[in-house]
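[1] Attaching a predicted model along with its sequence, questions to come.
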Amino acid sequence: MNDCENITVNEFYLTPFSTSRINEILIFIGFLFMYLLAVVGNLIIIVLVCVISQLHTPMYFFLCNLSSVDAIYVSTILPKMLSIIFTEDKMISYYGCIIQLYFFIFCGNAENNILACMAYDRYVAVCSPLHYSLIMTRKVCFIVGTSYMTFSAVNSLILTLMISTLSFCYSHKINHVYCDILPLMALSSSDTWSMKMMISMESICVTGTFIFILTSYIRIISTVVKIRTSSGQLKAFSSCSSHIITVLLFFGPCIFMYLIPESENSKDQGKILSMLYVAVVPMLNPFVYSLRNKEVLGAARKMATIIWNRIVNFSKNFI
């Protein structure tokens, strides 16, 4: 056992989807398209919220946070996966794996907390509209945002340090698309009891957050139903539907991945499901929040007009 613990790990080998080369090329093109859409779409949301004064509200503050986390999320996972598919070199360095794991956990925790804050924001806006400006102040939003980012960073650091103390003697082949906690624990030759306890606590926290979000939207729906005018109901539902879609897309695969016992037959399914909240959700979020939101569309048109006018003025001065 001592000899095993003294073995220095320098690299791991990831095992993405096992399929033909043609299918790998199609997968590469598909995920490259998702990555570009996710990065560009989320950066546009960040710029709009920062520049357009009409979007300087609590809801869009949290949306800007969500877009920032999503941009980091996809940039942590997809570039390495695309490189593996393109070059067929499945090696990732030990420190590269640990760094990827840290940002993966950080983004997952942060997105979890942001979605809870967005649900509470919509709850206050719909259920207590007269007290909204008193409850959701800029100071409160700043404190809450700083708190969940700090918590996510510290929590991610603790879990990553615990993983870094594990020994990997028998195999360095990670049966996953990226460095994740469960595949690394399955690969380790160390006692992972403390890690399993931590993951159980994490699962309880995630489940608690999901229940909090569901409770918030149940209260919202019960309040909306009591609104007498159909236009008022439509406005309230439209302001919450985007959040509900994102919550379902994010928590559905997470619950299946981490709360349902893993079997040999579910490993390939787990790879596919993990790509839902790592690639698909960050790609869809900008479209969900922009195409269904008149304020964001209006801000996008205003930004486009400003850029176009500056281009025209520059062209006139240049000519």
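    Arrived safely, thanks for sending.

[2] C-alpha from now on. contacts and neighbour counts both.
    Noted.

[3] can you give me the strands for the stretch 151-300 of the chain?
    With strands called from DSSP state E, counting those that start in this stretch, the stretch 151-300 of the chain shows them at 173-174.

[4] Can you pull the poorly scored residue ranges out of it?
    Scanning the stretch 151-300 of the chain with the threshold set as pLDDT under 70 gives 227-239, 255-270, 291-292.

[5] who's in contact with stretch 14-22?
    Stretch 14-22 has contacts (C-alpha atoms under 8 Å, 6 or more residues apart in numbering) with 24, 81, 85, 90-92, 173-179, 268, 271.

[6] Return the set of buried residues in that stretch.
    Using 16 or more other C-alpha atoms under 10 Å as the burial criterion, the residues of stretch 14-22 that qualify are Leu14, Thr15, Pro16, Phe17.

[7] Please produce TSV containing those, extended by distance to Pro282.
    Shown next, in TSV, are the buried residues of stretch 14-22 (distance: C-alpha to C-alpha, whole Å):
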residue	distance to Pro282
Leu14	22
Thr15	23
Pro16	20
Phe17	21
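
[8] sorry, back to before: of the contacts of stretch 14-22, grab the buried ones for ChimeraX.
    Per 16+ other C-alpha under 10 Å, the buried members of those correspond to this ChimeraX selection:
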select :24,81,85,90,91,92,173,174,175,176,177,178,179,268,271
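
[9] Tyr277 reaches Thr246, doesn't it?
    No - using C-alpha atoms under 8 Å as the test, Tyr277 is too far from Thr246 to be in contact (9.8 Å).

[10] Show me which of those two is the more surrounded one.
    Neighbour totals were compared for Tyr277 and Thr246, and Tyr277 leads with 22 against 19 (other C-alpha atoms under 10 Å).

[11] got the contact list for that one?
    Leu249, Phe250, Pro253, Cys254.

[12] quick revisit: just the buried residues of stretch 14-22: which are in strands?
    Leu14 (DSSP state E).

[13] Identify, from the buried residues of stretch 14-22, the entry nearest to Leu43.
    Using C-alpha to C-alpha, Pro16 comes nearest to Leu43 of the buried residues of stretch 14-22, at 27.7 Å.

[14] And the closest one, what's its pLDDT?
    On pLDDT, Pro16 comes in at 77.

[15] Could you count how many residues lie near Ser133?
    14.

[16] Confirm it sits in a helix?
    Yes - counting by DSSP: H, G, I helix; E, B strand; the rest coil, Ser133 falls inside a helix.

[17] Return the per-residue confidence for it.
    90.

[18] quick one: it from Ala125, how far?
    According to C-alpha to C-alpha, to the nearest Å, Ser133 stands 9 Å off from Ala125.

[19] With Ile85 instead?
    Distance from Ile85 to Ala125, by C-alpha to C-alpha: 46 Å.

[20] same thing with Gly96?
    43 Å.

[21] Same check on Ser190?
    Counting by C-alpha to C-alpha - Ser190 and Ala125 are separated by 49 Å.

[22] what helix or strand is Ile85 on?
    According to DSSP states H and E, Ile85 maps onto helix 58-87.

[23] Oh, that last question was meant for Val47, not what I typed.
    Judged by DSSP H and E, Val47 forms part of helix 21-51.

[24] what is the orientation angle of that helix with helix 58-87?
    150 degrees (axes from the mean of the first three to the mean of the last three C-alpha atoms, to 10 degrees).

[25] Now do helix 21-51, average pLDDT.
    Here the average pLDDT along helix 21-51 is 91.

[26] going forward can the numbers begin at 420, since that is how I track them
    From this message on, residue numbering opens at 420, which makes the last subject helix 440-470.

[27] Okay, buried residues for it please.
    Of the residues in helix 440-470, those buried (16+ other C-alpha under 10 Å) are 443, 446-447, 450-451, 453-454, 456-458, 460-465, 467-468.

[28] Please apply the same query to stretch 472-485.
    So, applying 16+ other C-alpha under 10 Å, buried residues of stretch 472-485: Leu474, Thr476, Pro477, Met478, Tyr479, Phe480, Phe481, Leu482, Cys483, Asn484, Leu485.

[29] Contact partners for the fifth one?
    Remark: with contacts taken as C-alpha under 8 Å, 6+ apart, Tyr479 is in contact with Val468.

[30] Next: the last one.
    If you count contacts by C-alpha under 8 Å, 6+ apart, Leu485 has them with Glu530, Ile533, Leu534.

[31] Check what pLDDT it gets.
    93.

[32] next one: the first one
    Per-residue pLDDT puts Leu474 at 86.

[33] Fine, thanks again, bye for now.
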